[in-house]
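1. Turn this into a structure:
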Amino acid sequence: MKVAITGATGFVGTRLVERLQAEGHEVLVLTRDADRGRRCFPIEAFPKVTIAPYTPLESGEWQRSIDGCDGVVNLAGAPIAEGRWTPERQKIILDSRKVGTEKIVEAIAQATAKPSVLVNSSAIGYYGTSETAMFDEGSSAGDDFLASVCQAWEAAAQTVKQTGTRLVILRTGIVLEMGGAVEKMLLPFKLFAGGPLGSGRQWFSWVHREDVVNLIVRSLTTPSMEGVYNATAPNPVRMAEFCRVLGEVLHRPSWLPVPEFALEALLGSAAQVVLEGQRVFPKRTLEADFDYQYPQVKSALESFLK
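-> As a prediction, the model looks like this:
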């Protein structure tokens, strides 16, 4: 199988490329920074990986490289946890997902030998936030900024079905592994000042990076999988419980509440995702008989913190 991947040098993408190569697949890495792509995937270690220059918001020669690929995984999107969501930053966050996906679909439509499947990333921000509701793949969309971004992102992906290409959309929760937002959340604990973030009552819908990668590979290789799936663990926890377990795994105290302003200093506007939260259940993912490697938060944290 030959798979084209955008966002391949990111937090989830790098592990996905490693996994696909280990299974003998060819990988086309579409990246805005070819030098970074070569550093991430040196030819000596990744002989089945090809690096191609990529302009996500513009049509170009890169689109021809998708012709002949068996599948496409679209993980590209500007980070949401970098600074304040000014109007300019909001436009970057939206365009990197909506317009970037439109250009991927355009490339698939133009291909002579079209990919059989597009696995397109989305996020549980689609549902909005709530302390009381439980969301699954059939739940309605929220009405905040992230929800509007996810709706536009998914709508752009839906048009690929007109080409006859199978579409899988993965609404991903907070990904656990060393790096990303979770690494920033570790700082108070390392300083022996850890504890519940915000009220502690908000829900934390998480997923281990290995399970995200496994679900992407499953989506690529299982023709019966189609539509929206929540890429979240089946056991979301309240923030207070997550922080209690985190302290236990780190052998650090977990009693000093981390005030909202401190979390906002770490995560910027993206702190609202952690401070408000949502309880998301992977109903369709479980119905597809997906086997989670890390269904419980303690084993997930222990996998990279012990």
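2. got any ranges where the chain has weak pLDDT?
-> Scanning the chain for pLDDT under 70 picks out the ranges 180-181, 191-193, 255-256, 258-271.
3. For it, just list every one of the helices.
-> Under the criterion DSSP state H, helices of the chain are mapped to 13-22, 34-40, 87-110, 145-158, 180-185, 187-190, 209-221, 239-250, 260-267, 271-276, 283-287, 297-305.
4. list the helices and strands the first one packs on?
-> Contacting helix 13-22 under the criterion 3 or more Cβ pairs under 8 Å, 6 or more residues apart in numbering; DSSP states H and E are the following elements: strand 2-6, strand 26-31, helix 209-221. C-beta here means a position set from N, CA and C on the backbone, and glycine is covered the same way.
5. and if we set it to 6 Å?
-> Here helix 13-22 touches helix 209-221, going by 3 or more Cβ pairs under 6 Å, 6 or more residues apart in numbering; DSSP states H and E.
6. List of residues touching the helix it packs on?
-> Helix 209-221 has contacts (Cβ atoms under 6 Å, 6 or more residues apart in numbering) with 12, 15-16, 19, 71, 117, 119, 168, 175, 177, 225, 231, 292-294.
7. buried stuff in it?
-> The neighbour-count check on helix 209-221 (16 or more other Cβ atoms under 10 Å) flags 209-220 as buried.
8. In TSV, list the residues you listed along with distance to Asp35.
-> Output for the buried residues of helix 209-221, formatted as TSV (distance: Cβ to Cβ, whole Å):
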residue	distance to Asp35
Arg209	25
Glu210	28
Asp211	31
Val212	26
Val213	25
Asn214	30
Leu215	30
Ile216	25
Val217	27
Arg218	32
Ser219	30
Leu220	27
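9. Farthest-apart pair in these, please.
-> Within the buried residues of helix 209-221, Arg209 and Leu220 form the most distant pair, 16.8 Å apart (Cβ to Cβ).
10. circling back: pull out the buried residues from the contacts of helix 209-221.
-> The buried subset of the contacts of helix 209-221 - by 16+ other Cβ under 10 Å - is 12, 15-16, 19, 71, 117, 119, 168, 175, 177, 225, 231, 292, 294.
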